[in-house]
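Asker: Need a 3D model of the following:
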Amino acid sequence: MLFLLETIETAVHDYYSKLLYDNPLVYPIDVLKMKRVGRFRTFHFMITLEVTPVVGPYISVGKDRLTMIQSRSI
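Answerer: Numbers count the residues shown, from 1 in each chain. A predicted model of the protein is given here:
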């Protein structure tokens, strides 16, 4: 999750920059689905996440679903 956090925050900030003055924080992050795209023992994944962006200590501004394709070559 730590490897994806910067990408998740960038996607959320880009979307909400048109609607809000401040950039929301993203927590919690729930993994809804994780699927291996390639064959057996590859590192290509499609990950579906549900994030809750908040402004301030606890004011939720929505619930968003992100689908990302993460690949890593060895």
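Asker: For this protein, just list every one of the helices.
Answerer: 2-16 (DSSP state H).
Asker: So in the protein, where's the weakest helix or strand by average pLDDT?
Answerer: strand 64-71 (a mean of 87; mean pLDDT, DSSP states H and E).
Asker: quick one: strands adjacent to it?
Answerer: Here strand 64-71 has these sheet partners by DSSP bridges: strand 44-55 (antiparallel).
Asker: Tell me what angle the partner strand forms with helix 2-16.
Answerer: 50 degrees (axes from the mean of the first three to the mean of the last three CA atoms, to 10 degrees).
Asker: returning to that earlier point: in the least confident helix or strand of the chain, what counts as buried?
Answerer: By 16 or more other CB atoms under 10 Å, the buried positions in strand 64-71 come out as 64, 66. (C-beta placed from N, C-alpha, C; glycine too.)
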